[in-house]
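*Asks:* Kindly return the folded structure for what I paste below:
(one chain, ligands or ions: 1)
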Amino acid sequence: MDRWFKSWCVGCGKVQTVNSDRQQKASKAVSGTRRLLPGMKVGEGFTPHPFDLEFGVRTSGLIAGRHLKSGHRHDRQSTAYYGVAPSVFQSMVVRWRRTKPVGPIDVFTFVDLGAGMGRAVLLASEFPFREAVGVELHQTLAGIARKNAARWRAQGRAKAPMRVLCKDAVEFGFPRGPCVLFLFNPFGAPVLRLLLKKLASGLTKRAVKAGEVDILYVNNEHEGVLERQPGFIRLFQGEVRRSRADAIADHKILANQPDGEYATTNWEDCSIWRWSGPNKG
Ligand SMILES: C[S@@+](CC[C@H](N)C(=O)[O-])C[C@H]1O[C@@H](n2cnc3c(N)ncnc32)[C@H](O)[C@@H]1O
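*Replies:* Now for the predicted structure:
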């Protein structure tokens, strides 16, 4: 995620006021992760996202890729941990539904490759997917995502069942049936290339029909890798705007980084891709 967030275009509007009790609770909620994950201390710029304050989950924080050490050889390709802006996620699902998927949403399994603390999985579960699955390489993040899923379920917010696996995205065995794969710029081009090669070869072997796998790519820094991978066609490419509340929240979070490593815009460059069969795309 070195050039993940480009320049910040200051969104105007009211800064959301946050109840200080809730802010303290959110701060306490991350205390268990403080020793393990740099970037999760208030002194390191930790700022809770309003999503967590509203729903009592733990998805806030910006953890640089170099701090996400799981021991796997793909660690060095990890961009960073940062939760997707809820408004961008929801806009992408709406856009995807307009692309005439092969079936109704309830036949699709949603898979977040690089699920982090599970914000996208929680949001996906509000749609009636067959299942919402998170795949996360870092054990601590996967553990937090599971706890978040339990809280989300307990609040009755989930329409779809949720599951979080701690494993490398490249090693994930894709489920049978239509799938929507979600990528929020989780890793560098070498891992994305490997993942797509393995995916395309599996789909070809299983003679999976066109349209049965769609990819939603947010902050599509390595778009060129998808362009060069035979078998996928692009259905959408463009900027997806954050809501004003998300833009303000992300700006505030990014402005609090001690070393100013990352920047943000008030939109994300995104694309949507569809499996079209091995000889097309
Ligand atoms: C930008 S965060 C996205 C979080 C989540 N998808 C969301 O939208 O809220 C990227 C995540 O990908 C994870 N990651 C990086 N490389 C991975 C790999 N090879 N397999 C699985 N997860 C990976 C990182 O640990 C990080 O949590």
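*Asks:* rest of the way, CA atoms for contacts and neighbours
*Replies:* Noted.
*Asks:* Tell me if I'm right that Asp246 and Val84 touch.
*Replies:* No - contact criterion Cα atoms under 8 Å: Asp246 and Val84 do not qualify, at 9.6 Å.
*Asks:* Roughly how far does Thr79 sit from Val191?
*Replies:* In this view, Thr79 and Val191 are 11 Å apart by Cα to Cα, to the nearest Å.
*Asks:* Between the two, point out the one with more neighbours.
*Replies:* Under the criterion of other Cα atoms under 10 Å, the comparison of Thr79 against Val191 puts Thr79 first, with 22 against 19.
*Asks:* Which residues of the stretch 101-250 of the chain lie near the ligand?
*Replies:* Taking Cα under 6 Å from any ligand atom as the criterion, the stretch 101-250 of the chain approaches the ligand at residues 112-116, 118-120, 135-138, 167-169, 184-187.
*Asks:* Could you rerun that using 5 Å?
*Replies:* When proximity is defined by Cα under 5 Å from any ligand atom, the stretch 101-250 of the chain lies next to the ligand at 114-116, 119-120, 136-137, 168-169, 186-187.
*Asks:* from those residues, which is closest to Gly231?
*Replies:* The shortest approach to Gly231 among those belongs to Ala169, at 19.3 Å (Cα to Cα).
*Asks:* give the contact list for the residue nearest to the closest one when sequence neighbours are not counted.
*Replies:* Of all residues not flanking Ala169 in the chain, Leu113 sits nearest, at 5.6 Å (Cα to Cα, 6 or more residues apart in numbering). For Leu113, the set of contacting residues under the criterion of Cα atoms under 8 Å, 6 or more residues apart in numbering consists of 134-136, 169, 181-183, 186.
*Asks:* Now, these that are in helices?
*Replies:* With helices taken from DSSP state H, there is no overlap with these.
*Asks:* The residue nearest to the spatial centre of the chain: what's it in contact with?
*Replies:* In the chain, the C-alpha closest to the average C-alpha coordinate belongs to Phe184, at a distance of 4.1 Å (Cα atoms, centre = their mean). Phe184 makes contact with 84, 114, 217-220, according to Cα under 8 Å, 6+ apart.
*Asks:* mind running it again at 7 Å?
*Replies:* Applying Cα atoms under 7 Å, 6 or more residues apart in numbering to Phe184 gives the contacts 84, 217-219.
*Asks:* Ok, Glu221 next?
*Replies:* Residues in contact with Glu221, defined by Cα under 7 Å, 6+ apart, are Asn185.
*Asks:* Kindly state the pLDDT recorded for it?
*Replies:* At Glu221, the predicted lDDT confidence score is 96.
*Asks:* What of Phe5?
*Replies:* Each residue has a pLDDT score; the one for Phe5 is 37.
*Asks:* Ok, the one 4 residues further on next?
*Replies:* If you check Cys9, the pLDDT there is 26.
*Asks:* Please apply the same query to Ala207.
*Replies:* Looking at Ala207, its pLDDT reads 94.
*Asks:* can you give me the strands in the chain?
*Replies:* Shown for the chain, the strands assigned by DSSP state E span residues 63-64, 80-81, 109-113, 131-136, 162-166, 179-184, 213-218, 232-241, 267-275.
*Asks:* now those in a markdown table, with distance to Gly143 and mean pLDDT?
*Replies:* Below are the strands of the chain laid out as a markdown table (distance: least, Cα to Cα, whole Å; pLDDT from 0 to 100):
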| stretch | distance to Gly143 | mean pLDDT |
| --- | --- | --- |
| strand 63-64 | 16 | 90 |
| strand 80-81 | 14 | 94 |
| strand 109-113 | 15 | 98 |
| strand 131-136 | 9 | 98 |
| strand 162-166 | 8 | 98 |
| strand 179-184 | 19 | 98 |
| strand 213-218 | 23 | 98 |
| strand 232-241 | 30 | 98 |
| strand 267-275 | 27 | 97 |
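*Asks:* Need those in JSON lines (columns: distance to Val42).
*Replies:* As requested, these are exported to JSON lines (distance: least, Cα to Cα, whole Å):
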{"stretch": "strand 63-64", "distance to Val42": "13"}
{"stretch": "strand 80-81", "distance to Val42": "16"}
{"stretch": "strand 109-113", "distance to Val42": "28"}
{"stretch": "strand 131-136", "distance to Val42": "24"}
{"stretch": "strand 162-166", "distance to Val42": "27"}
{"stretch": "strand 179-184", "distance to Val42": "25"}
{"stretch": "strand 213-218", "distance to Val42": "27"}
{"stretch": "strand 232-241", "distance to Val42": "28"}
{"stretch": "strand 267-275", "distance to Val42": "26"}
